[in-house]
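**Q** Here is my input; please provide its structure:
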Amino acid sequence: MFLRTAALVCAAAVMVCATAPANAETQNASARCEATSFRVYFQRDSATLSPLAQETLNVAARDVSGCSYKALNVSVDGSSALASQRGQAIVAAARGEGWNATRVTPSAVMRVSGGPDYASVTMTPDATPPVATTGDAGV
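**A** Okay, here's the model as predicted:
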């Protein structure tokens, strides 16, 4: 259990570092307008966001900060009893970003037994809801 948790924390930390701007000039540049997608991982039987997950949401929100239209789309495991609470936790943590639309939808993808609990998040300047997928094609 500890090893799996440590692996999830490391994976999330790598993702945060990968999404962060590569140099100080980019950080100080005017607001950007780019779509971004990522996963937010949860401890088993929990709908609480970790501090790292909250920071990941903040970093990703910068990518749409300069957009005239901003949508937050969250896809949660529809088979989880905590799906709604997890989706709402993400939406609540992203409040104050001036979203034009927020959507929480159940995913048709079933989590692998024993795999990590997560929600897929997309922040986009596109008003069209994302197309539902059936898996991680190309991964």
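**Q** and residue 56, what are its phi and psi?
**A** Per-residue torsions, residue 56: phi -60, psi -40 (degrees, to the nearest 10).
**Q** now residue 51
**A** When quoted as degrees, to the nearest 10, the phi and psi of residue 51 stand at phi -60, psi -40.
**Q** Tell me the spacing between it and residue 94.
**A** To residue 94, residue 51 is 15 Å away according to C-beta to C-beta, to the nearest Å. C-betas here are computed from N, CA, C, even on glycine.
**Q** Tell me which of the two has more neighbours.
**A** residue 94 (20 against 7; other C-beta atoms under 10 Å).
**Q** mind checking how far the more buried one is from residue 115?
**A** 25 Å.
**Q** Which SSE is immediately downstream of the lowest-mean-pLDDT helix or strand in the chain?
**A** Every helix and strand of the chain was ranked by mean pLDDT, DSSP states H and E. The lowest is helix 24-28, at a mean of 41. Note on helix 24-28: by DSSP states H and E, the next helix or strand toward the C-terminus is strand 36-42.
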